[in-house]
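# Dropping the sequence and predicted coords here.
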Amino acid sequence: MITVDVESVPAQSGGAALVIGASGGIGAAVLRHYLSDNRFEQVVAVSRSARPRDLSPYGDKLNWMRSDYGEASIAEMCQNLAASTIDLRRVVICNGILHKEDLQPEKAIEKLRSRALLEVFESNAVGPLLWLSALAGQLRRSTDCIVAVLSARVGSIGDNRLGGWYSYRASKAALNMLLKTAAIEYARRAPRVKLVAFHPGTTDTALSRPFQRNVPEEKLFAPEFVALRLVTLLDQVKADGELSFLDWDGKPIPW
């Protein structure tokens, strides 16, 4: 277990943070944390949306980049980052999908549709690995970088006792396997990089809002709370050649 204690966070100055999915609930909260953290000279945000007006006070510290999250867009952005002098110290990948108007978690096996399965896999598993693939060359030169990807406890095969939510569960399980495989390669090619699969708990965002009815009040977290837990956790883990699957409280989750 990793104890999250804000006051124990070690000092670290210089470098940059990259937040992918910066317009979502957790992503926006993580972004604001790093923008307010004087240890980071620059923060790069990636989103489908335009830069919010209320972030203008951060000036040149914030580099806002728009992407459709397609393979070509991801490759181009990472090429631009690699061509700069930016020294990535934190990478947080927050984008993913659980539902939308014409796509809902499957409560019964009869509800499975190939289109939904593929769309959820594309967003939750393929997308994050395309970023890790495109960033590999730059992170190989890193002297100290922690990469976190939002996973989910429901992606744990050992912890699955309720069933249902086929696409979402399977996409997060696939994400964990892809991250584990990437961690093995990164251990050889970029030994100063650490990968973390992070379970944020049920967070009060658009992603979870339709499913909050039976969540106890004390188990429904504000995005700011989750962001603080995450960024503090990332200050405490160390590069060890392994993928860590951790929850918001720093506790490991079974695979």
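Nice, I can see it. Since the structure is predicted, the reported quantities are computational estimates derived from the model, not experimental observations.

# Now Met177: which helix or strand?
Assessed by DSSP states H and E, Met177 sits inside helix 166-189.

# residues of that helix that come out buried?
Neighbour counts over helix 166-189 (16 or more other C-beta atoms under 10 Å) mark 166-176, 178-179, 182-183, 186-187 as buried. All C-beta spots, glycine's among them, are computed from the backbone N, C-alpha and C.

# what about the strands in this structure?
16-20, 42-47, 62-66, 88-93, 145-150, 193-199, 202-203, 220-221, 243-247 (DSSP state E).

# any chance of those in JSON lines, with distance to Asp54 too?
JSON lines is the format used below for the strands of the chain (distance: least, C-beta to C-beta, whole Å):
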{"stretch": "strand 16-20", "distance to Asp54": "16"}
{"stretch": "strand 42-47", "distance to Asp54": "13"}
{"stretch": "strand 62-66", "distance to Asp54": "11"}
{"stretch": "strand 88-93", "distance to Asp54": "20"}
{"stretch": "strand 145-150", "distance to Asp54": "24"}
{"stretch": "strand 193-199", "distance to Asp54": "26"}
{"stretch": "strand 202-203", "distance to Asp54": "21"}
{"stretch": "strand 220-221", "distance to Asp54": "23"}
{"stretch": "strand 243-247", "distance to Asp54": "31"}
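
# and these as JSON lines, adding mean neighbour count?
Below are those laid out as JSON lines (neighbours: other C-beta atoms under 10 Å):
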{"stretch": "strand 16-20", "mean neighbour count": "26"}
{"stretch": "strand 42-47", "mean neighbour count": "24"}
{"stretch": "strand 62-66", "mean neighbour count": "17"}
{"stretch": "strand 88-93", "mean neighbour count": "24"}
{"stretch": "strand 145-150", "mean neighbour count": "26"}
{"stretch": "strand 193-199", "mean neighbour count": "24"}
{"stretch": "strand 202-203", "mean neighbour count": "20"}
{"stretch": "strand 220-221", "mean neighbour count": "17"}
{"stretch": "strand 243-247", "mean neighbour count": "22"}
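
# export those strands to JSON lines and tack on distance to Phe121 and mean pLDDT?
Shown next, in JSON lines, are the strands of the chain (distance: least, C-beta to C-beta, whole Å; pLDDT from 0 to 100):
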{"stretch": "strand 16-20", "distance to Phe121": "18", "mean pLDDT": "97"}
{"stretch": "strand 42-47", "distance to Phe121": "20", "mean pLDDT": "96"}
{"stretch": "strand 62-66", "distance to Phe121": "24", "mean pLDDT": "95"}
{"stretch": "strand 88-93", "distance to Phe121": "16", "mean pLDDT": "97"}
{"stretch": "strand 145-150", "distance to Phe121": "15", "mean pLDDT": "97"}
{"stretch": "strand 193-199", "distance to Phe121": "16", "mean pLDDT": "97"}
{"stretch": "strand 202-203", "distance to Phe121": "22", "mean pLDDT": "71"}
{"stretch": "strand 220-221", "distance to Phe121": "26", "mean pLDDT": "72"}
{"stretch": "strand 243-247", "distance to Phe121": "19", "mean pLDDT": "97"}
